[in-house]
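Peer 1: starting from these lines, generate the structure:
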Amino acid sequence: MKYVRAVLKGYLRRAVAIFIFVFALTVNFTEVRASEANVNDLGITDEDGINENNTVIKAPGSAEDASDLKELNVSNSLTVSLRDGQGNLSGTLRILITLTLISLAPMMIIMMTSFTRILIVLHFVRTALGTQTTPPNLVMTGLALFLTFFIMNPVFSQINEKAIQPFEAGELTQDEFIEEALDPLREFMYGQTQTKDARLFLDIEGIESVESIDDIPTRVLVPAFMISELRTAFIIGFLIYIPFIVIDMVVAATLMSMGMMMLPPTTISMPFKILLFVLADGWNLVILNLVRTFY
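Peer 2: Numbers count the residues shown, from 1 in each chain. Below you'll find the predicted structure:
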């Protein structure tokens, strides 16, 4: 009992000491804030205790109409000025927009170009061969990226001629630049998009009918293009699988007829599949016919 009492007394003393310490800090902090309230940004104390350099012009909730909202907190607002009143952004903002576009470039390459179809087909080829990680993902991604630049070169050339060069020459505003840059991409996506996929997203959007490609919003065209690319890539992948499945079936039937049921057929069939792929010049055939699907 004496030990328990001693422990309780020790905890009680510590609690009282902590309470006194916290109370002293609270009192001192309140006094410091009260003294700082009478000092402005220049370190000069006002006679009436009002800081004239306060960024809050009016107290929140004191606005009576829309025009009063501009005066509530004027000094803390961010204003973007346009050069010469013609809608041209300054150099600093152009750099910011350029860095933002660079960060969004991977997503744009995946969603608005031929990259998705190419990469999926290359993965189907590797899986059909059964080589697991050969070629590695880095090689396949690099090949898909350069094939994308090759296929999209006419589109990028049109963007450079119709949008980038006139914009740098001051012939286009920002809105005109965005519109001219999107037109070649929209034409490319529209040519690769199936009608039923576009109709699906038009129905979801609530648009009953369109007369031309210009009437299809970009927010509708991009997902429709992605769905069409996935469907086309899976169809090509199925066609690539057919000869390799035949080899697997022949090898499996041969092993079963020989009584080697414990031997995995994939172990024996993989060298034959690689041999067939090399003799048929498979990479040349796959890349050639894959590129032709975009023309």
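
Peer 1: list the contacts of Val251.
Peer 2: 265, 268-269, 272 (C-beta atoms under 8 Å, 6 or more residues apart in numbering). The way it works is simple: take the backbone N, C-alpha and C, and place the C-beta from them, glycine included.

Peer 1: over to Phe167?
Peer 2: Here Phe167 is in contact with 176-177 (C-beta under 8 Å, 6+ apart).

Peer 1: quick revisit: which among the contacts of Val251 end up buried?
Peer 2: By neighbour count, with 16 or more other C-beta atoms under 10 Å, the contacts of Val251 hold 265, 268-269 as buried.

Peer 1: and these, which is closest to Met258?
Peer 2: Ranked by distance to Met258 (C-beta to C-beta), the buried ones among the contacts of Val251 are led by Ile268 at 10.7 Å.

Peer 1: surely that closest one meets Met256?
Peer 2: No: checked against C-beta atoms under 8 Å, the pair Ile268 and Met256 is beyond contact range at 11.9 Å.

Peer 1: could you point out which element follows the host helix or strand of Met256?
Peer 2: Secondary-structure element containing Met256, defined by DSSP states H and E: helix 218-257. The helix or strand immediately downstream of helix 218-257 is helix 265-279, counting by DSSP H and E.

Peer 1: show me what that following helix is packed against.
Peer 2: Helices and strands touching helix 265-279, by 3 or more C-beta pairs under 8 Å, 6 or more residues apart in numbering; DSSP states H and E, are helix 115-129, helix 218-257.

Peer 1: could you check the angle the last one makes with helix 265-279?
Peer 2: Which is helix 218-257. Interaxial angle, helix 218-257 versus helix 265-279 (axes from the mean of the first three to the mean of the last three C-alpha atoms, to 10 degrees): 120 degrees.

Peer 1: could I get the buried residue list for helix 218-257?
Peer 2: 220-229, 232-233, 236-237, 240, 244, 247-248, 251-252, 255.

Peer 1: the inter-axis angle of that helix versus helix 115-129?
Peer 2: 10 degrees.

Peer 1: heads up, I number from 56, so please use that
Peer 2: Understood, numbering begins at 56; the last thing we discussed is helix 273-312.

Peer 1: ok so, going back, looking at the helix holding Met311 now, give me its mean pLDDT.
Peer 2: Computed over helix 273-312, the mean pLDDT rounds to 89.

Peer 1: where does the stretch 106-255 of the chain have low pLDDT?
Peer 2: 106-146 (pLDDT under 70).

Peer 1: can you give me the helices in it?
Peer 2: Taking DSSP state H, counting those that start in this stretch as the criterion, the stretch 106-255 of the chain carries its helices at 146-167, 170-184, 192-206, 208-214, 220-223, 229-247, 250-260.

Peer 1: and Pro190, what are its phi and psi?
Peer 2: phi -70, psi 150 (degrees, to the nearest 10).
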